[in-house]
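In: A predicted structure for the sequence below; I have some questions about it.
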Amino acid sequence: MSEQGKALRELLESPEIVIMPGIFDGYSARVVERAGFKTAGASGAGISESHLGWADRGIMGLHDNLAACRDMVACTSLMIMADGDTGYGNAVNVHFTVRAFEQIGVCGVMIEDQTWPKRCGHMKGKDVISQAEATDKIRAAVDARRSEDFLIKARTDAAGPLGLEAAIDRLCAYAEAGADCLFADALLTREAIAKVARAVPRPLFVNMGLGIRSRPTTPLIAPAELQAMGVAAVSYPRLLSAAALRGMLDAMAVFKHDVVERNETPDRGDLLAAFDEINDITGMAFLDALEARYANH
């Protein structure tokens with residue numbers, strides 16, 4: 001996948017902002033590709049929540065994450081940036097984490113500087129390791145990759161516990177250690193985003209936390225405005241996972257009320273994807289073609 005990594009690097013260095021929806025399973029990956037996007041970010045939170053049923057609080061391990069990302073790579077041609085959490089240990093563990101993600105065919109991996117167990121960037125109680133230890137992790141990640149076209153994305157969560165200037169200092173140190181792109185999570189104002197974008201020497205990612213209403217979070221800003229600020233890429237990690245959960249909750253509420261409690265059997269097509277639509281999205285035509293070629297005896 002080094003060619004995809006090279007292509008993604010070129011996109012990040014171009015003047016136009018890169019829009020990356022978050023994906024977490026085969027459905028979401030295929031939906032994003034079907035919508036015409038070329039890139040996507042594997043959401044660690046989305047994988048933990050949907051595959052394991054546990055919130056993004058460090059329950060998911062490396063192999064759970066790898067398995068989900070491997071499946072998404074296998075069913076699409078998307079350029080996928082993986083979420084490697086903290087690297088699942090120290091700098092030595094980061095080495096093997098990066099090797100493992102590169103092996104499955106993603107275009108790059110993000111390594112963050114939270115303490116373990118990490119948590120979603122917009123949850124309370126975050127803390128970060130020392131800048132020196134975090135920089136060593138990024139250096140280990142850069143040294144571990146087999147191809148220079150495999151991107152290392154360095155994330156800091158320092159803005160909350162240590163302040164904006166500390167977050168900027170860390171990102172600059174991670175860039176000096178070789179990170180290809182940078183991300184400061186949970187920036188709470190437009191001014192903070194613009195300041196970080198001006199201060200860092202590598203392409204900057206910003207997350208838009210659609211659906212987070214319970215606490216202060218990054219303001220929702222249109223891609224064109226982010227581009228004008230100097231942001232290279234914007235990701236929407238919870239868009240599809242939150243939409244999928246909302247759909248399941250709504251469908252189950254109707255099912256329980258109409259079928260279980262009222263003993264009715266309504267056909268609520270407004271709540272469900274059609275059978276043919278599911279088959280179309282999940283590659284039935286390709287499977288039919290294979291069957292016709294090899295199994296038509």
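Out: Happy to help now that I have it.

In: and the helix or strand that contains E225, what does it pack onto?
Out: Using DSSP states H and E, E225 maps to helix 223-229. For helix 223-229, the packing partners by 3 or more C-beta pairs under 8 Å, 6 or more residues apart in numbering; DSSP states H and E come out as helix 190-199. C-beta coordinates here come from the backbone N, C-alpha and C atoms, glycine included.

In: which residues are in contact with the helix it packs on?
Out: Defining contact as C-beta atoms under 8 Å, 6 or more residues apart in numbering, one finds that helix 190-199 is touched by 159, 164, 167-168, 171-172, 184, 187, 204, 206, 218-219, 221, 226, 229-231.

In: Emit the ChimeraX select command for whichever of the residues you listed are buried.
Out: This is how ChimeraX selects the buried members of the contacts of helix 190-199, with burial counted by 16 or more other C-beta atoms under 10 Å:
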select :159,164,167,168,171,172,184,187,204,206,218,221,226,229,230,231
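
In: thinking again about what came up before, could you give me the buried positions within the helix holding E225?
Out: Buried residues in helix 223-229, counted by 16+ other C-beta under 10 Å: 223, 226-227, 229.

In: Just the contacts of helix 190-199: which are in strands?
Out: Among these, the members found in strands (DSSP state E) are 184, 204, 206.

In: As a markdown table, the residues you listed with pLDDT and distance to G22 would be great.
Out: Below are those laid out as a markdown table (pLDDT from 0 to 100; distance: C-beta to C-beta, whole Å):
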| residue | pLDDT | distance to G22 |
| --- | --- | --- |
| A184 | 95 | 18 |
| L204 | 98 | 18 |
| V206 | 96 | 13 |
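
In: Would you mind listing where the chain has pLDDT under the threshold?
Out: Across the chain, the stretches falling below the confidence threshold (pLDDT under 70) are 1-2, 211-216, 297.

In: Name the nearest of the ones in strands among the contacts of helix 190-199 relative to I23.
Out: Taking C-beta to C-beta as the measure, V206 is the one of the ones in strands among the contacts of helix 190-199 closest to I23, at 17.8 Å.

In: what about the helices in the stretch 151-297 of the chain?
Out: Remark: helices assigned in the stretch 151-297 of the chain by DSSP state H, counting those that start in this stretch are 159-162, 164-176, 190-199, 223-229, 239-254, 275-281, 284-294.

In: Single out the most deeply packed of these.
Out: Per-stretch averages of neighbours, counted by mean count of other C-beta atoms under 10 Å, single out helix 164-176 among the helices of the stretch 151-297 of the chain, with a mean of 20.
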